[in-house]
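Student: just a sequence and a predicted model for now, questions to come.
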Amino acid sequence: MSRKGKVLVAMSGGIDSTVTALMLHEEGYEVVGITMKTWDYAASGGSKKETGCCNLDSFNDARQAAVEHGFAHYILDIREEFGDFVIENFVEEYLAGRTPNPCVLCNTHIKWRALLKRADALGCEFIATGHYAKVRQQDNGRFVISKAIDDTKDQSYVLWGLQQDLLRRTLLPLGPYRKKEIRQMAHDFGYPELARKHESYEICFVPDNDYRGFLKRRVEGLEERVAGGNFIDKDGKILGQHKGYPFYTIGQRKGLEIALGRPVFVTKIDPTSNTVMLGDEEDLEQNEMTVGKLNLIKYDLVTPGMEAVTRIRYKDKGSLSTLNPENGTMKVRFYENAKGIAPGQSAVFYEGEDVIGGGIIQ
């Protein structure tokens, strides 16, 4: 019996998850590694080879690290539950004129739940991942996520959906470290090749980064069904024709294939009329939004008028705002206009370094 307990570690075969497993093993935890097969890229009909966390090389790298350090390793096939939930939502959101964030959905509803289920089956008290974030228990008993030390790698934004029953059993060992320190650890553990391994920032089921092509392959007849819609301005004037509303996102400037003599941006998408509104950069600015599908982390309730820094996309630095709960949603008002608020994306509320909670922009 380990002196610190038994932990199930999600191992993708990459540097972060491998160092996570080896670090916990060295600290005295009884480690069990698990690699999740979420997607078979060949099924998407894409033009590139399978990359990232779902290829055979990654599985072998994870297993090799486990074998060399004397702990168990399993491969878990969750393609069915992943596909049914994450990919269907991804397609439905684009067809509804919104811009989804499938990684948030996957973390919240698939990966952590799948890990917890298998942790229970294997007698593991904890689950751990290689995300750059921190988790701790507060005096009020609630578990809270906070930002990683390394601002350039912080992933707290994509973890806002984790509920308390998941957080109380979650270990995030990389939060107190910078990426360069993790690379050095990989060298010290005897895996210098991991430090040089390519990191994928693409959606795992769209590794060629062509989400439009994925939608066309996934939805039979989509291209013909949505072709020929109008680009319009804010007054409703027709500016030209587009290739179909699902193939555009709020804030998009490049790839519009329309010449108006000045840079223009997608400011609104209407799936009912198959219209895409274009405007100037300032037309992207808004001072308020509504956020639904909330998950509160730091507090069980938010006091009306509470100040928070709200991030509206992964790389967003955040803007000072006030939060006002209203009928199961959160009304967010920014002190200064926020640019490019996209329905379907995640909004995450911060108090200092801590995640108050988050939700989906409506």
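Tutor: Right, received. Where do you want to start?

Student: pairing partners for the nearest residue to residue 326 once chain neighbours are set aside in the sheet, please.
Tutor: Spatial nearest neighbour of residue 326, excluding adjacent residues (C-beta to C-beta, 6 or more residues apart in numbering): residue 290 at 7.9 Å. C-beta here means a position set from N, CA and C on the backbone, and glycine is covered the same way. Under DSSP bridges, the beta-bridge partners of residue 290 are residue 331.

Student: isn't residue 290 up against residue 328?
Tutor: No - using C-beta atoms under 8 Å, residue 290 makes no contact with residue 328, being 10.5 Å away.

Student: more neighbours, these two?
Tutor: residue 290 (16 against 9; other C-beta atoms under 10 Å).

Student: quick one: contacts for the more buried one?
Tutor: By C-beta atoms under 8 Å, 6 or more residues apart in numbering, residue 290 lies in contact with 326, 329-332, 361-362.

Student: buried members of those into PyMOL, please.
Tutor: In PyMOL, a selection of the buried entries from the contacts of residue 290 looks like this (16 or more other C-beta atoms under 10 Å):
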select buried, resi 329+330+331+332+361
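
Student: farthest pair within the contacts of residue 290?
Tutor: In these, two members sit farther apart than any others by C-beta to C-beta. They are 326 and 361, at 14.7 Å.

Student: pull the contacting residues for the closest residue to residue 106 other than its chain neighbours.
Tutor: Spatially, and ignoring its direct neighbours in sequence, residue 106 is nearest to residue 86 (5.0 Å; C-beta to C-beta, 6+ apart). Each residue near residue 86 by C-beta under 8 Å, 6+ apart is listed here: 38, 102, 105-106, 109-110, 205.

Student: domain parsing for this structure?
Tutor: Domain ranges of the chain: 6-130+173-196, 226-279, 285-361, per automatic domain parsing.

Student: ends of the longest one, what's the gap?
Tutor: The reference is to domain 6-130+173-196. This stretch, domain 6-130+173-196, spans 30 Å end to end (C-alpha to C-alpha, to the nearest Å).

Student: just to revisit the earlier point, so which of the contacts of residue 86 is surrounded by the most neighbours?
Tutor: residue 106 (27 neighbours).

Student: hang on, it is in a helix, isn't it?
Tutor: Yes - under DSSP: H, G, I helix; E, B strand; the rest coil, residue 106 falls within a helix.

Student: wait, it touches residue 10, no?
Tutor: No - using C-beta under 8 Å, residue 106 is not in contact with residue 10; the gap is 11.7 Å.
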